[in-house]
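Peer 1: with the sequence up front, the predicted model follows.
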Amino acid sequence: MLEDWQHGGFGVYVHWPFCQSKCPYCDFNSHVSANVDQKRWFSAFLSEIERTVVGLEGRQLSSIYFGGGTPSLMEPWLVEGILDALKSKFLIANDIEITLEANPTSVEAGRFQAYHDAGVNRVSMGIQALNVPDLKRLGRLHSVNEGQDAFDTARHIFDRVSFDLIYARQDQTLDQWRSELKQALAMSVDHLSLYQLTIEPGTAFGDRFSKGGLAGLPSEDLGADMYELTQELCEAAGMPAYETSNHAAVGSESRHNLVYWNSGDYLGLGPGAHGRITQYGHRIATETHLAPGKWLDAVENSGSGESLSRKQDGFEAQEEALMMGLRLRSGIDEVRFEQVLNTKVEKIQGLKEIGMLETANGFLRTTEQGRPVLNAILRELLAG
Amino acid sequence: MTKLSNIRNFSIVAHIDHGKSTLADRLIQSTGTVADRDMEAQLLDTMDIEKERGITIKANSVRIEYKAKDGETYILNLIDTPGHVDFAYEVSRSMRAVEGSLLVVDASQGVEAQTLANVYHALDADHEIVPVLNKIDLPAAEPEQVCEQIEDVIGIDASDAVHISAKTGIGIPDVLEAIVTRLPAPEGERDAPLKAMLVDSWYDSYLGVVVLVRIIDGVLKKGDKIKMINTGALYPVDRIGVFRPGMEVIDELGPGEMGFLTASIKQVRDTRVGDTITHEKKGCTEALPGFKPSQPVVFCGLFPVDSAEFEDLRNAIEKLSLNDASFSSEMETSAALGFGFRCGFLGLLHLEVIRDRLEREYNIDLITTAPSVIYNIHMRDGSMVELHNPADMPDLTHVDHLEEPRIKATILVPDEYLGDVLKLCQDRRGIQEDLTYAGSRAMVVYDLPLNEVVFDFYDRLKSVTKGYASFDYVMTGYREDRLVKMQIMVNDEPVDALSTMVHTDRAEARGRAMVEKLKDLIPRHMFKIPIQAAIGGRIIARETLSAMRKDVTAKCYGGDATRKKKLLEKQKKGKKKMRQFGKVDIPQEAFISALKMDG
């Protein structure tokens, strides 16, 4: 019999926390640092791999993901070294997906071939917008043409290329988004991540917003209109949403991200990386030190970058699975997650009655109407 | 035992913020009653709420020894009385316990309505009154005008008003001399049977009920058996003392003196403000005039937000009742809110104070339902019932007519805001009775329905006059009017906690205002929600709260699961502050906010 996590797969996440500049909307763990001693970081990553694989050796690995920060600032030999180390510890699936997040600048495009040679087979590019004023507002360093060129380079080198756009930007109209999205769909390869701009506390945008700045953000209604338009255009272009903000041609979904949403296991390497690992019948949630310097010190001096390791009880793990799994168009397996679903029968029934949830092929999933209000659904299910 | 001629009993009459507490503190300090290092602001206000709001709820007294210029040492008993209209009866009793008053008026502000109401209590009690102009050091002080105003409005001679600054201490010695030379000494017979007034009482967790008394005749000693004339209760006295302002035990209290007694009395309910205390044997036969049991005039429902806290609420209300005989409570069940209590209060301030104490001292989140007055319902069969809760309104086919309580409101307001004040009173169904001028300020007297005032009248008055108006009222009686019960329906379900009594002519406007307010107060849900106001079966106003369209978090990957979980935990707490009606969550503050009228 399969272990439960195997339904979701097993992936490794590698966090590279450095950027050339910090984007004003970004609340990820990213830092601007001029001098990064990549050799020192390499040793630290190797040490963390040795520490975390204990008990997991021989598992089949379905994906590796370099996220950040800006992992396209990593030297290709560093990427290769980490991949080699991982490959020596795990069984590698024939179709393993190895993704690297990249900024679309010419400097980075120059390294694409080397990343490919190191083993990377998919890139996810932070294009974010297709016009100059919006790129500037979003704090992006690339120009429209530079972005296009980098993207063209990538699609010639890699079979699988995804890119991100942010919509519902300041002063953006529905029509502007329509034409921009059409342009994006025309250049797309097999995957698109389309995020509604979210103002997060602790970011430059968050500060401006709380001080009454950042005029021209769309109303809830306009944001919803843009979301609906996005679904419609992507669907028509053969790139339906398989998750709240992720669209792909059938079969080209991000395997790594599916590990999260399908409650598979994942190892988190690097500062601030989270992990979920099933061992001896328990799911363990892990975290590492968030600050790059602190993580590096901890790894070098105490042999572990871990800041937290906590056993989730079965119910908690299932609640998390519900929270993550309902983001998927396909929903969650009613048999696999019956422990949590059985405690919420009445609430689920109520949500079905008002047209928010439905069951299809043994999976509980959101309806078209329910998808954009998932937070309210989760509040009802998990915070009631 | 002090000679009568060396005792002075007095109160301080002042509007809020005119410096009553500061003057009291200064008198206590300058006579060395309290060492400087022990001084803290508002010594006499012991409750947090009193200090915070700058109001006095409980009467309190302090005994000050003062060596006067004539070489004699005097005992000055200052009684600090509640100043708010809600406690008018308590004020009137406190005034009867002393012979004189200091009338403190802010020299930059002038006489206010509350000053007026309290000075009338003092005049009713035949007080000698010494006008004191405070804040004389402020650049905006206008002592001449204010003296003129005192003479015009109150009708007492202000030519020898004492000029002081309680804050800096200017004029404090003059006040002390004026107390001794201008206020009368008390009268009384040491050899007559004991006759003492119960001025106020409160619960002390160590001593039980502490009773503040003023001896009229006779002598009260430790060990005496006393009797409360109006309640007939008997107690052996176990402690007698005075406040300086801390409790100090003494052997006896003689005529003219003020102090406290404890007598193993368990509940404040067993003591009634204004009652007469005498000896069980050879006592006086005649009670002091003016005693009346307190009557709540404003009612509202108090429900725990978390229904699991009902028992905590019950315990808290019981404990508070021990210390406040004027507040009534009985258990109530609401279809929407579950178990709670219908509570009666002396007025709105009293309501707020009790609610604040329940929330703060007992840490219970409360839903407060619409405050209601007592309506008299005259039935077709000739009987009359009192309606304390609109939800209990009987079937209209049995009702002949309704009567509602009315008040006489006195408002003092600078000229420039008079129009706004008249409009406000008119909007609240007021009938103008009088309009006079004193300098640049107008005094208006209105006959108003109490139910138009209990809720947010004072807030509105403050806002339309930028805080320059002052307001006081007395209950006058009941009058018939065309009143109906208005129901609010949320998602087609009646929410009984939002039912109110309204005047027929104003029902529609009121209903529309409420549903519009609720539309803003209730968060969007996953479905659209009709919000309606109805009288009987007739819908008089309707709004629709549209469904939420988008709230999903854009990004949620491996590292976000924990954070997202925390957010849900937070929302869980937020949801506890809401009450569910059918499928709709209504935030706790909506129950009160929906009733506030902006115009």
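Peer 2: Arrived safely, thanks for sending.
Peer 1: below-threshold pLDDT in the chain: ranges please.
Peer 2: No chain specified, so I'll use chain A. A:1, A:384 (pLDDT under 70).
Peer 1: the chain in question should be chain B.
Peer 2: Looking at chain B by pLDDT under 70, you get B:1, B:35-58, B:83, B:85, B:576, B:597-599.
Peer 1: contact residues of it facing chain A?
Peer 2: B:525-527, B:548-559, B:561-562, B:564-565, B:568-569, B:571-572, B:575, B:583 (C-beta under 8 Å from any C-beta of the partner chain). Using the backbone N, CA and C atoms, a C-beta is placed for each residue, glycine as well.
Peer 1: show me where the stretch 301-450 of chain B has its helices.
Peer 2: Ranges of helices in the stretch 301-450 of chain B, per DSSP state H, counting those that start in this stretch, are B:310-322, B:348-361, B:418-427, B:450-453.
Peer 1: list only buried entries from the residues of chain B next to chain A.
Peer 2: B:525-527, B:548-559, B:561-562, B:564-565, B:568, B:571, B:575, B:583 (16 or more other C-beta atoms under 10 Å in any protein chain shown).
Peer 1: so which of the residues you listed sit within helices?
Peer 2: B:561-562, B:564-565, B:568, B:571, B:575 (DSSP state H).
Peer 1: on contacts alone, who are the packing partners of the longest strand along chain A?
Peer 2: Scanning chain A for the longest strand, with DSSP state E as the assignment, gives strand A:91-102. Counting contacts by 3 or more C-beta pairs under 8 Å, 6 or more residues apart in numbering or on different chains; DSSP states H and E, the secondary-structure elements packed against strand A:91-102 are strand A:60-68, strand A:122-128, helix A:255-261.
Peer 1: quick check: next helix or strand after that strand?
Peer 2: helix A:106-109 (DSSP states H and E).
Peer 1: would you mind writing the CA trace of the very next helix or strand once past that following helix as CSV?
Peer 2: Sequence order places helix A:112-118 as the next helix or strand after helix A:106-109, per DSSP H and E. Taking Å, rounded to 0.1, in the frame of the first residue of the first chain, the C-alpha atoms of helix A:112-118 are listed here in CSV:
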residue,chain,number,x,y,z
PHE,A,112,20.3,29.8,-19.0
GLN,A,113,22.3,27.3,-21.1
ALA,A,114,24.6,26.6,-18.2
TYR,A,115,21.6,26.0,-15.9
HIS,A,116,20.2,23.6,-18.5
ASP,A,117,23.5,21.8,-18.7
ALA,A,118,23.4,21.5,-14.9
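Peer 1: which residues sit against helix A:112-118?
Peer 2: A:72, A:76-77, A:79-80, A:83, A:100, A:102, A:123, A:153-154, A:157-158 (C-beta atoms under 8 Å, 6 or more residues apart in numbering or on different chains).
Peer 1: let me know how buried the nearest residue to residue B:94 once chain neighbours are set aside is, in neighbour terms.
Peer 2: Among residues not flanking residue B:94 along the chain, residue B:81 sits closest, at 4.0 Å (C-beta to C-beta, 6 or more residues apart in numbering or on different chains). Using other C-beta atoms under 10 Å in any protein chain shown, residue B:81 has 28 neighbouring residues.
Peer 1: and the helices and strands packed on strand A:91-102 as a markdown table, adding mean neighbour count and distance to residue B:465?
Peer 2: Formatted as a markdown table, the helices and strands packed on strand A:91-102 follow (neighbours: other C-beta atoms under 10 Å in any protein chain shown; distance: least, C-beta to C-beta, whole Å):
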| stretch | mean neighbour count | distance to residue B:465 |
| --- | --- | --- |
| strand A:60-68 | 24 | 60 |
| strand A:122-128 | 25 | 54 |
| helix A:255-261 | 25 | 60 |
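Peer 1: redo these as a markdown table? Include distance to chain B.
Peer 2: Listed next are the helices and strands packed on strand A:91-102 as a markdown table, based on distance: least, C-beta to the nearest C-beta, whole Å:
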| stretch | distance to chain B |
| --- | --- |
| strand A:60-68 | 8 |
| strand A:122-128 | 12 |
| helix A:255-261 | 4 |
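Peer 1: quick check, the residue in the stretch 251-400 of chain B closest to chain A?
Peer 2: residue B:306 (13.7 Å; C-beta to the nearest C-beta).
Peer 1: pretty sure that residue contacts residue B:367?
Peer 2: No. Contact criterion C-beta atoms under 8 Å: residue B:306 and residue B:367 do not qualify, at 10.2 Å.
Peer 1: looking at the two, which is more packed in?
Peer 2: Between residue B:306 and residue B:367, counting by other C-beta under 10 Å, residue B:367 is the more crowded of the two (26 against 14).
Peer 1: what residues does that one make contact with?
Peer 2: B:301-305, B:337, B:340, B:497, B:579, B:588, B:591.
Peer 1: also residue B:561?
Peer 2: A:260, A:274, A:276, A:320, A:323-324.
Peer 1: now do residue B:270
Peer 2: Counting by C-beta under 8 Å, 6+ apart, residue B:270 has contacts B:209, B:228, B:231, B:233.
Peer 1: redo those residues as a markdown table? Include secondary structure and neighbour count.
Peer 2: Formatted as a markdown table, these follow (DSSP: H, G, I helix; E, B strand; the rest coil; neighbours: other C-beta atoms under 10 Å in any protein chain shown):
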| residue | secondary structure | neighbour count |
| --- | --- | --- |
| B:209 | strand | 22 |
| B:228 | strand | 21 |
| B:231 | coil | 14 |
| B:233 | coil | 15 |
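Peer 1: ok, of those, which one's closest to chain A?
Peer 2: residue B:209 (46.0 Å).
Peer 1: roughly how far does the closest one sit from residue B:200?
Peer 2: 11 Å (C-beta to C-beta, to the nearest Å).
Peer 1: burial measure for the residue nearest to residue B:583 when sequence neighbours are not counted, as a count.
Peer 2: Excluding the flanking residues, the one nearest residue B:583 by C-beta to C-beta, 6+ apart is residue B:491, at 6.4 Å. If you count neighbours by other C-beta under 10 Å, residue B:491 ends up with 18.
Peer 1: repeat for residue A:379
Peer 2: 20.
Peer 1: that one in helix, strand or coil?
Peer 2: Three-state assignment for residue A:379 (DSSP: H, G, I helix; E, B strand; the rest coil): helix.
Peer 1: next, the contact list for residue A:257, please.
Peer 2: Contacts of residue A:257 by C-beta under 8 Å, 6+ apart are A:65, A:243, A:246, B:557.
Peer 1: go on, residue B:263?
Peer 2: B:209, B:211, B:226, B:235-239.
Peer 1: by neighbours, which of the residues you listed wins?
Peer 2: Going by other C-beta under 10 Å, residue B:211 tops these with 26 neighbours.
Peer 1: any idea how far that residue is from chain A?
Peer 2: 51 Å (C-beta to the nearest C-beta, to the nearest Å).
Peer 1: list the contacts of that residue.
Peer 2: Residue B:211 touches B:198, B:200-201, B:260-263, B:265, B:271, B:277, counting by C-beta under 8 Å, 6+ apart.
Peer 1: and if you look at residue A:106?
Peer 2: A:146, A:149-150.
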